[in-house]
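Asker: Pasting a predicted model and its sequence here:
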Amino acid sequence: MKRKILSLCFLFSLVTLVFTACETEDETTPNVVSDIDGNSYNTVVIGTQTWIAENLQTTKYNDGTPISYIADNNNAWASAATGAYCWYNNDQDFAEGNSYGALYNWYAVETGKLCPSGWHVPTDDDWNTLENFLADNGYNYDGTTGGGRAKIAKALAETTGWTKFSAPGVVGNTDYPDYRNKSGFSAMPSGFRVYYNGVFSSVNTNTDWWSSTTTTGGFVFGRSVNNYSANMYRTSIVKSYGLSVRCVKD
């Protein structure tokens, strides 16, 4: 479980002192940020960007409005046309205990209020910036330079939790140890929720994240890392999938 940080914002008037709960960056730990629920997250600087280095798990938008929770009613998940979240296998303890965070549909992303204030769900260009920086600055697993997202997955993935796979340079292989999670992005294999029937899939082998950028045809660009590849994939995703969310600083 992540530790909770609840800050107090002080509003002074001549007559009264008012206390309100708010999101904050921890003053004693500058590399930590908290959401509206009080969940705290590590952050990491990668090139010119600052990322939350964990999957989001808030149950409220950053204005305090609750996000709809849809658990085991699969038809309800598939037909939802507004923001919703869930936990993998409807098990909050499992998701939090493994640092997988919550899964959100894109309608929650679309609100623009999912990340803590001062942060946002990355655009497709934000993801491109991350990928190109890593590829061009020594994060390809084999020491080569360039190539975009083709060889950077190992440098993005946490060193535990992934199903083993024997191909060279892939996330599920413990080879090239100096490159395992070299970026500090700490991707966990959190799985996803299928858009058409709400079934949960691919925990320990896949992680998929939303972007905030739509494609032609009504899909959304996303990113995926899996245990059997060295590649970080750029994907086009149906809006009713349940995916993880990372946040990048404004």
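Answerer: Arrived safely, thanks for sending.

Asker: The helix or strand harbouring residue 78 - what's its average pLDDT?
Answerer: Using DSSP states H and E, residue 78 falls within helix 74-79. Helix 74-79 carries an average pLDDT of 90.

Asker: Other residues contacting it?
Answerer: 70, 84, 86, 105, 193, 195, 196, 197, 198, 199, 240, 242 (Cβ atoms under 8 Å, 6 or more residues apart in numbering). (C-beta placed from N, C-alpha, C; glycine too.)

Asker: looking at it, the third one is touching residue 68, isn't it?
Answerer: What that stands for is residue 86. No: between residue 86 and residue 68 there is no contact under Cβ atoms under 8 Å: 9.7 Å.

Asker: got the buried residues for stretch 227-237?
Answerer: Within stretch 227-237, the residues scored as buried using 16 or more other Cβ atoms under 10 Å are 227, 228, 229, 230, 231, 232, 234, 235, 237.

Asker: what's the longest strand in the chain?
Answerer: In the chain, with assignment by DSSP state E, the single longest strand is strand 206-214.

Asker: helices or strands next to the longest helix seen in the chain in the packing?
Answerer: Longest helix in the chain by number of residues (criterion: DSSP state H): helix 124-136. The contact analysis (3 or more Cβ pairs under 8 Å, 6 or more residues apart in numbering; DSSP states H and E) places helix 124-136 against strand 40-46, strand 49-52, strand 206-214, strand 220-226.

Asker: Compare residue 86 and residue 68 (neighbour count), which wins?
Answerer: Neighbours per residue (other Cβ atoms under 10 Å) separate residue 86 from residue 68, with residue 86 holding more: 24 against 15.

Asker: Run through the residues that contact the more buried one.
Answerer: Contacts of residue 86 (Cβ under 8 Å, 6+ apart): 69, 70, 71, 77, 102, 103, 193, 242.
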